[in-house]
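Colleague: Coordinates for the following, if possible.
(one chain, ligands or ions: 1)
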Amino acid sequence: MIERKIAEIRKKNDLKPSICLYKDCCNQAINSHFLQKNGVLNSISETGFLIETSLIDPNHWRKNGKVIDFRKKGLKSVMSLKIFCNQHDSLIFKSIEGKEPKLNTYEAFLLLSYRITCAELRKKITNTEVYEELLNDDNLEGKINKYFIQNYINGFLFGCIDLNSLKFILESEIEDSHEKFVFKVFEYEILEVCASAIFSPPDSYPTVNDILGEFQNIYVHLIPRNDKLLILMGYHRDYCTPWILNYLTSWENLDRVGLEYKITELFVKYVENWAMSEPLFNSLKSVNLNKYLEYVNKINEDLNIDFNLFSK
Ligand SMILES: [Zn+2]
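Modeller: Sure, this is the predicted structure:
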């Protein structure tokens, strides 16, 4: 029942104030959306709701051990976390907010990547706090493996250090661009999904003494716009791997089914922050939805993705 305890602490933690993650700002953070609410999220949400995968609410805990499930969320809370203060949330992202912002530009790619890097940093900070509280809970004395929990905490702390470095690189690049990042834009017919993520390629090699691996990342943003799905994908020029290059190329010239398989694999293996429209969710086959949940609820397994979540 440790998962339930973690979910309870997490829920309590959500109510605590957080500090803005922009540079050394000390203002209180508000709820920031990973992708713009107006112009992106609301463009696939006629009802004011989207379907997102998220951790199961502790009040609705199920006995089958499933940790992640699909949940219907209002636009106010979907794909969002306390990341920046009100001032920075509107100031920094001004150029990609509004009615018809240009989203296929280098600046847009940087800003979206910056926001999701900060979101991942917030998650790691929260995880550290949650697991520290778990470690120090007197009621759990003798019931939990403190060694494993301490290991988790150490992992989160290392993650915070890496993400802080990436945040700094992106902040510098946004202020004064040196074309440090390479990005590509793919445009396909609309599939009513959206996503924003940063992930490590399978061939990155982080070691204790070599921080190189920590910067080998792919940034990916799936943005529904009008009748198109815009896919922005890129990496830092100095920290590229053969896998990253091949992966970006593999998104070119896909047919509809190829694209659906590709997005399925992306969501199962690499992306946590994604959502879809209610009509799309309702049109998906339950066998595929269950398969998706079965895969993402398995941890640390090398998965061969053999299904198309979006097949009709
Ligand atoms: Zn701020």
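
Colleague: got a list of what Ile44 touches?
Modeller: Ile44 is in contact with Leu50, Glu192, Val193, Cys194, Pro224, Met276, Ser277, Leu280, counting by CB atoms under 8 Å, 6 or more residues apart in numbering. C-beta coordinates here come from the backbone N, C-alpha and C atoms, glycine included.

Colleague: Give the helix, strand or coil label for Tyr131.
Modeller: helix (DSSP: H, G, I helix; E, B strand; the rest coil).

Colleague: most neighbours, which of the contacts of Ile44?
Modeller: For these, neighbours were counted using other CB atoms under 10 Å, and Cys194 has the most, 29 neighbours in all.

Colleague: Double-check that that one belongs to a helix.
Modeller: No: counting by three-state DSSP, Cys194 is not found in a helix; it is strand.

Colleague: what about the protein, any weak spots by pLDDT?
Modeller: 1, 55-66, 205-213, 299-303 (pLDDT under 70).

Colleague: And the strands in the stretch 51-200 of the chain, which stretches?
Modeller: Listed in chain order, the strands of the stretch 51-200 of the chain (DSSP state E, counting those that start in this stretch) span 68-74, 80-82, 181-189, 193-199.

Colleague: domain parsing for this structure?
Modeller: Domains of the chain are assigned by automatic domain parsing as 2-175, 181-296.

Colleague: just how off-centre is the first one within its chain?
Modeller: Per CA atoms, centre = their mean, to the nearest Å, the displacement of domain 2-175 from the mean C-alpha position of its chain is 8 Å.

Colleague: and the chain, which of its residues are near the ion?
Modeller: Within the chain, the positions adjacent to the ion are Cys20, Tyr22, Cys25, Asn27, Cys85, His88 by CB under 5 Å from the ion.

Colleague: Any chance of a markdown table for the residues you listed, columns distance to Phe310 and neighbour count?
Modeller: A markdown table is the format used below for the residues of the chain next to the ion (distance: CB to CB, whole Å; neighbours: other CB atoms under 10 Å):
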| residue | distance to Phe310 | neighbour count |
| --- | --- | --- |
| Cys20 | 37 | 22 |
| Tyr22 | 36 | 20 |
| Cys25 | 40 | 14 |
| Asn27 | 41 | 13 |
| Cys85 | 38 | 21 |
| His88 | 36 | 20 |
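
Colleague: What is the most widely separated pair among those residues?
Modeller: Farthest-apart pair in the residues of the chain next to the ion is Tyr22 and Asn27; separation 8.8 Å (CB to CB).

Colleague: Quickly list what's touching both of these two.
Modeller: Common neighbours of Tyr22 and Asn27 (CB under 8 Å, 6+ apart) are Cys85, His88.

Colleague: hmm, back to that, which one, of the domains of the chain, ends up nearest to Leu309?
Modeller: That would be domain 181-296 among the domains of the chain, by CB to CB, at 4.2 Å.

Colleague: any idea what sits nearest the residue in the stretch 101-250 of the chain that the ion sits nearest to, other than its immediate chain neighbours?
Modeller: Ranking the residues of the stretch 101-250 of the chain by distance to the ion (CB to the ion) places Cys118 first, at 10.8 Å. Distance criterion CB to CB, 6 or more residues apart in numbering; nearest residue to Cys118, sequence neighbours excluded, is Leu21 at 4.5 Å.

Colleague: between the contacts of Ile44, which is closest to Lys12?
Modeller: Nearest member of the contacts of Ile44 to Lys12, counting by CB to CB, is Leu50, at 25.5 Å.

Colleague: Figure out which of the domains of the chain is closest to Ser311.
Modeller: domain 181-296 (6.5 Å).

Colleague: what separates that closest one from the chain centre, distance-wise?
Modeller: 10 Å.

Colleague: mind listing what the residue most central in space within the chain touches?
Modeller: The centre of the chain sits closest to Asn273, judged by CA atoms, centre = their mean, with a distance of 3.5 Å. Asn273 makes contact with Phe34, Met79, Ile116, Ala119, Ala195, Ser196, Ala197, according to CB under 8 Å, 6+ apart.
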